[in-house]
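In: next input, structure requested:
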Amino acid sequence: MNPDQQSETDEVTYGESDVRLLEESLNSMESELHEKYCRIGKEILETVENENRNISTLVDMIIETRRRLASARQEKKCPSCLSFNDRDSLFCKRCGKPLTGDNKEKLQ
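Out: Model prediction:
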């Protein structure tokens, strides 16, 4: 029978050298796949680390801008939840605790 006429159910006989070549080919492909996964993993890690730094910087800038804005508005900061409240507020708009007396804290 012609090799082109073999059906999928026919068994193919391989010699020792054929097996060795297939094993080497498989090892090479698996090694290449592993290297690609490692490279992709490193790229993802670098991207995440860079974005975390960018996000952290942005969050710090937002916090500082909010603090400055609250100071300019002469808002009160709740000592319990650290939420900013209107300067005339007697109770925190977020947690409801009193802002007067010992609990009153104005921003500097």
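In: from now on I want contacts and neighbour counts done on CA atoms only, so please keep to that.
Out: Will do.
In: in the protein, which spans are strands?
Out: Along the chain, counting by DSSP state E, strands occupy 76-77, 84-85.
In: and residue 76, how many neighbours does it have?
Out: 26 (other CA atoms under 10 Å).
In: where's it relative to residue 68, distance?
Out: Residue 76 sits 12 Å away from residue 68, going by CA to CA, to the nearest Å.
In: which secondary structure elements does the least confident helix or strand in the chain by mean pLDDT contact?
Out: Every helix and strand in the chain was compared by mean pLDDT, DSSP states H and E; the lowest is strand 76-77, with a mean of 90. Contact partners of strand 76-77 among helices and strands, from 3 or more CA pairs under 8 Å, 6 or more residues apart in numbering; DSSP states H and E: strand 84-85.
In: quick one: strands adjacent to the strand it packs on?
Out: The strands that strand 84-85 pairs with in its sheet are strand 76-77 (antiparallel) (by DSSP bridges).
In: pLDDT weak spots in this protein?
Out: 1-10, 101-108 (pLDDT under 70).
In: so how far is residue 17 from the most centrally placed residue in the chain?
Out: Residue closest to the mean C-alpha point of the chain, counted by CA atoms, centre = their mean, is residue 48 at 5.6 Å. To residue 17, residue 48 is 46 Å away according to CA to CA.
In: count of residues packed around the closest residue to residue 100 other than its chain neighbours?
Out: Nearest non-adjacent residue to residue 100, counting by CA to CA, 6 or more residues apart in numbering: residue 90, 5.8 Å away. Close neighbours of residue 90, defined as other CA under 10 Å, add up to 17.
In: now swap in residue 22 and tell me
Out: Residue crowding around residue 22 was assessed by other CA under 10 Å; the count is 13.
In: next, give phi and psi for residue 92.
Out: phi -70, psi 130 (degrees, to the nearest 10).
In: and this protein, what are its domains?
Out: Under the assignment automatic domain parsing, the domains of the chain span 15-72, 74-108.
In: so which bits of the last one are buried?
Out: Neighbour counts over domain 74-108 (16 or more other CA atoms under 10 Å) mark 74-79, 84-85, 90-92, 98-99, 106 as buried.
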